[in-house]
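Visitor: Sharing a model prediction with you, sequence too.
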Amino acid sequence: MLIMSSSCQDASIYYDNLAGKLVSAGNLSEARDLFNKSLDQNPSNVDAWNHKGDAEKALRNLNASIRSFNRATSLNSKNAPAWSGLADSYTQKKDYVNATAAATQLTRLDPKNKAYWLKKGTLQQMQGDFDNATLDLDRAIAIDAKYKDALYRKALSELSANKTDQAIELLDQVIAMDGKYKPAYNAKGQALEMQGDYKRAIAAYDRALQIDAKWSPALTNKMHALLATGRQKEAVDILLRI
């Protein structure tokens, strides 16, 4: 077994901390070089592997990022930042299977962390597995009944099952908690459209656009709702702005 001298460990921590300051200043490439120096001094520095993984991810070097996080998990299988980094890097690669596997490890490490259940549930939705996503989101909501992000995501699962009344009920809860949560208005508009209530759907899209006038999802959905109600000129006006 390799035994590190205290001077090597201290040097590794020094370079890691210095690199962290460069990351804060936006000097990611230089920071990565220092993370490498840190790991040259102590290849077992889990924090440095995680920090390097974050820097590689920010630089869009996703394969390198995954390698770094994997090294961290091999050194400490209970290191939550490493599993979280893996989940995020795989998500950016659109590899939702491996991202979900990493998120599953997070929920095993800390089943009382609502953000982990939200992450896993969201990844399940990205794979079209809305039933299992709902189970995960319910775990998050059981921990915090006012967890608006989980309530919003559960509403999307209800929409996928054409349970529009249940979706609207959840979305209204989210809106009551945060009147500026534009995705909730957009999703409510979609639910109302599914019910054939185009007038109220357009009003919901308008509420989202009051928050962000250039938000393309709400603009696109409003355009389609206008077309469905025969308001072609207004729809074309939106089309020209998208």
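Guide: Arrived safely.

Visitor: Check the gap between L135 and A25 for me.
Guide: 43 Å (CB to CB, to the nearest Å). Backbone N, C-alpha and C define where each C-beta goes, glycine included.

Visitor: Name the residue in those two with the higher neighbour count.
Guide: With neighbours defined as other CB atoms under 10 Å, L135 and A25 compare such that L135 has more, 14 against 10.

Visitor: any idea of the mean pLDDT in whatever helix or strand that one lives in?
Guide: Per DSSP states H and E, L135 falls inside helix 130-143. Averaging pLDDT along helix 130-143 yields 98.

Visitor: Give me the buried positions along that helix.
Guide: Residues of helix 130-143 classed as buried: F130, A133, T134, D136, L137, R139, A140, I141, I143 (neighbour count, 16 or more other CB atoms under 10 Å).

Visitor: next helix or strand past it?
Guide: Next in sequence after helix 130-143, counting helices and strands by DSSP H and E, comes helix 148-160.

Visitor: Give me the helices and strands touching that next one, please.
Guide: Using 3 or more CB pairs under 8 Å, 6 or more residues apart in numbering; DSSP states H and E, the elements in contact with helix 148-160 are helix 114-126, helix 130-143, helix 164-177, helix 182-194.

Visitor: Show the secondary-structure elements that the longest helix anywhere in the chain is packed against.
Guide: Looking across the chain with DSSP state H, the single longest helix is helix 6-24. On a contact count with 3+ CB pairs under 8 Å, 6+ apart, helix 6-24 meets helix 28-41, helix 46-58.

Visitor: Nearest to K119 among the ones you listed would be which one?
Guide: Relative to K119, the nearest member of those by CB to CB is helix 46-58, separated by 15.3 Å.

Visitor: element containing T91?
Guide: Using DSSP H and E, T91 sits in helix 80-92.

Visitor: Beyond that helix, next helix or strand please.
Guide: helix 96-109.

Visitor: about what we covered before: CSV for the helices and strands packed on helix 148-160, including distance to Q41?
Guide: Supplementary listing: the helices and strands packed on helix 148-160 in CSV, determined by distance: least, CB to CB, whole Å:
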stretch, distance to Q41
helix 114-126, 32
helix 130-143, 40
helix 164-177, 48
helix 182-194, 45
